[in-house]
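Enquirer: what follows is a predicted structure for the sequence shown.
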Amino acid sequence: MNISFDNKGIAYFQGDFRRNQIIDESAKIGKNCKIWFWVQIRENVIIGDNVIIGKGVYIDEGVKIGNNVKIGNNVSIFKGVTIEDNVFIGPHVCFTNDKYPKAVNDDGELKGSDDWECLNTLVKEGVSIGANSTILPGIVIEEYAVIGAGSVVTSSVIRYSTAYGNPARRKWPTYYEKINEKS
Ligand SMILES: CC(C)(COP(=O)(O)OP(=O)(O)OC[C@H]1O[C@@H](n2cnc3c(N)ncnc32)[C@H](O)[C@@H]1OP(=O)(O)O)[C@@H](O)C(=O)NCCC(=O)NCCS
């Protein structure tokens with residue numbers, strides 16, 4: 001990727017026009033990625049090839065993203081999340097990582113980075129996550145599962161299944177049964 005950094009570490013994608021982005025210099029970004037306006041990519045993020053990152057996306061430190069991933073506008077991917085190849089993430093999806101979040105400790109001091117438990121989330125190959133879904137911490141979404149729009153995913157989702165709602169539950173017919181019916 002053709003990225004240049006100014007002296008404040010602000011990165012600019014060199015395209016037809018200037019797009020404001022903040023990409024940490026330690027982030028590794030693969031070939032043929034398209035990164036839109038107002039994206040922030042934090043320290044030690046690893047992103048594969050052919051990844052599209054929509055407007056306003058936030059990718060927290062250490063997040064790993066595979067190849068051919070499409071990330072819609074305003075998605076937040078926090079620390080502890082790994083996304084494998086060929087995953088679709090709809091606009092406004094939010095991944096979480098702290099199951100019991102609090103701003104301060106019992107003594108009233110603001111919590112620091114060691115004062116909470118980061119639970120890891122894994123999104124396996126080929127998964128699609130519908131717009132505006134929230135993924136609770138410590139979840140595995142297995143291969144090719146489809147999560148409906150607006151879902152709150154509170155437990156792991158098995159491969160090739162379709163789940164939606166709040167809380168997200170497995171539904172039939174699955175996405176794949178439906179598209180097979182049509183063909
Ligand atoms: C999950 C999904 C794939 C299911 O599609 P489908 O199998 O064709 O589902 P249908 O439209 O036949 O709906 C079946 C039932 O589930 C309900 N339903 C469908 N999607 C739902 C969702 N996301 N949340 C809650 N209920 C949903 C419908 O209201 C319907 O209920 P009813 O039988 O009581 O009327 C689809 O609805 C969806 O959410 N796709 C994601 C869209 C998206 O976010 N795209 C992002 C790019 S813009």
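Expert: Nice, I can see it. Residues are numbered from 1 along each chain as shown.

Enquirer: for stretch 48-60, give the mean pLDDT please.
Expert: Computed over stretch 48-60, the mean pLDDT rounds to 96.

Enquirer: check which residues of that stretch are buried.
Expert: For stretch 48-60, the buried set under the neighbour-count rule, 16 or more other C-beta atoms under 10 Å, comprises 48, 50, 51, 52, 53, 54, 56, 57, 58, 59, 60. Every residue, glycine included, has its C-beta placed from N, CA and C.

Enquirer: distance check, the third one against the ligand.
Expert: Between residue 51 and the ligand the distance, using C-beta to the nearest ligand atom, to the nearest Å, works out to 16 Å.

Enquirer: residue 181 in helix, strand or coil?
Expert: helix (DSSP: H, G, I helix; E, B strand; the rest coil).

Enquirer: helix or strand with the lowest mean pLDDT in the chain?
Expert: strand 11-14 (a mean of 52; mean pLDDT, DSSP states H and E).

Enquirer: wait, what's in contact with the residue nearest the centre of the chain?
Expert: Centroid check for the chain by C-alpha atoms, centre = their mean gives residue 77 as the closest residue, at 3.9 Å. Contact analysis of residue 77 by C-beta atoms under 8 Å, 6 or more residues apart in numbering lists 57, 58, 59, 60, 63, 65, 71, 83, 89, 95.

Enquirer: pretty sure the second one sits against residue 40.
Expert: Yes: at 5.1 Å, residue 58 and residue 40 qualify as touching, with contact defined as C-beta atoms under 8 Å.

Enquirer: contacts for stretch 156-163?
Expert: With contacts defined as C-beta under 8 Å, 6+ apart, stretch 156-163 is touched by 124, 139-148, 151, 153, 168-176.
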